[in-house]
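Undergrad: Next comes the sequence, and after it the predicted model I'd like to discuss.
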Amino acid sequence: MKKGLFISIEGLDGSGKTSCILKIKEHFEKIGHQVVVLREPGGTPIGEKVRDILLDAKNTEMTDVAEMLLYASSRAQLFSQIIKPTLESGIIVICDRFIDSSVAYQGYGRGIAIDDVLAVNLTAIQNTLPDITLFIDIDPKTSLNRRFSVSETDRLENEKIQFHQRVYEGYLALCQRFTKRIKRIDGNGSIDHIYELMMIEINQCIEKE
Ligand code: TYD
């Protein structure tokens with residue numbers, strides 16, 4: 001690899017993203033690569049502060065556009081401060097959520113024009129899209145059932161089922177729009193199975209590089 005491979009993982013809350021990311025990291029480390037895992041929103045000192053504002057369940061008055069811009073500013077900071085230099089030094093970067101989360105949640109979910117969300121976020125990431133994005137597909141009902149059974153929920157998770165349904169449909173639309181980059185992964189099996197499906201796509205992407 002000349003430069004680090006850039007992977008982003010997307011999906012509704014409770015889709016198993018975090019467990020799968022750990023397994024992917026372990027795999028690459030075992031075969032001698034360095035891997036950095038980042039989470040959005042957050043991942044930098046400034047980004048973590050923005051994250052607290054975004055997820056605070058008390059911030060009910062936040063406007064949709066303010067929300068969209070806050071996610072984008074956390075992302076801009078993460079990109080310049082961490083992602084760009086890490087990729088340049090040849091390290092693999094795995095992002096738990098990236099630009100497609102904003103298009104799905106703020107665009108399709110909140111109803112902000114998709115191309116506006118894309119434009120703001122492409123500026124934030126200096127037009128550097130991931131080499132591959134894996135969308136773990138679980139339906140919104142399963143997602144909410146899993147989340148509500150685990151721990152306290154945040155501001156976004158407290159949205160109604162209709163919101164999560166729009167986000168989900170947004171992800172499906174993104175899979176169709178960016179067929180080369182975004183791969184849909186069936187998220188209904190065990191973590192091990194989802195991980196195997198993900199590795200097939202990642203290895204295909206590496207072969208093409
Ligand atoms: P988080 O606790 O990180 O959720 P998860 O572990 O499922 O990734 O909270 C992130 C929340 O923020 C999640 O509900 C999705 C939402 N989100 C957006 O609405 N837009 C974005 O651009 C990003 C990155 C996340």
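TA: Cool, the structure landed.

Undergrad: G90: what secondary structure?
TA: coil (DSSP: H, G, I helix; E, B strand; the rest coil).

Undergrad: Need the pLDDT of it.
TA: Looking at G90, its pLDDT is 96.

Undergrad: Leaving out chain neighbours, which residue sits closest to it?
TA: Nearest residue to G90, sequence neighbours excluded (Cβ to Cβ, 6 or more residues apart in numbering): G4, at 5.2 Å. (Glycine included, C-beta is placed from N, CA and C.)

Undergrad: so that neighbour sits right up against I94, yeah?
TA: No - counting by Cβ atoms under 8 Å, G4 stays clear of I94, with 10.0 Å between them.

Undergrad: With neighbour numbers in mind, choose between the two.
TA: Set G4 next to I94 and count neighbours by other Cβ atoms under 10 Å: I94 wins out with 24 against 20.

Undergrad: Quick check: residues of this structure near the ligand?
TA: Applying Cβ under 6 Å from any ligand atom, we find that the chain lies next to the ligand at 13, 39-41, 55, 71, 96-97, 101-102, 105-106, 154, 156-157.

Undergrad: now do 5 Å
TA: Where the chain comes near the ligand, counting by Cβ under 5 Å from any ligand atom, the residues are 13, 40, 71, 97, 101-102, 105, 156.

Undergrad: Including pLDDT, could those residues go into CSV?
TA: Formatted as CSV, the residues of the chain next to the ligand follow (pLDDT from 0 to 100):
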residue, pLDDT
D13, 88
E40, 93
Y71, 98
R97, 96
S101, 98
S102, 98
Y105, 97
L156, 73
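
Undergrad: Which single one of the residues you listed is nearest to G47?
TA: Nearest to G47 among the residues of the chain next to the ligand is E40, at 7.9 Å by Cβ to Cβ.

Undergrad: Relative to P130, how far out is the closest one?
TA: Going from E40 to P130 by Cβ to Cβ, to the nearest Å gives 12 Å.

Undergrad: what does E29 give?
TA: 19 Å.

Undergrad: out of these two, which sits in the more crowded spot?
TA: P130 (23 against 12).

Undergrad: so that one sits in a helix?
TA: No - P130: not assigned to a helix; according to three-state DSSP it is coil.

Undergrad: can you list residues touching both of E40 and P130?
TA: The overlap between the contact sets of E40 and P130 (Cβ atoms under 8 Å, 6 or more residues apart in numbering) consists of 95, 98.

Undergrad: Might you quantify the distance of the worst-scoring helix or strand of the chain on mean pLDDT from its chain's geometric centre?
TA: Lowest on mean pLDDT, DSSP states H and E among the helices and strands of the chain sits helix 140-150, with a mean of 82. Distance, stretch centre to chain centre, for helix 140-150: 18 Å (Cα atoms, centre = their mean, to the nearest Å).

Undergrad: where along the chain do the strands fall?
TA: Counting by DSSP state E, one finds strands in the chain at the ranges 6-11, 35-39, 92-96, 132-137, 182-186.

Undergrad: could those strands be laid out in CSV, adding distance to D116?
TA: Compiled in CSV, the strands of the chain are given as follows (distance: least, Cβ to Cβ, whole Å):
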stretch, distance to D116
strand 6-11, 20
strand 35-39, 25
strand 92-96, 22
strand 132-137, 20
strand 182-186, 20
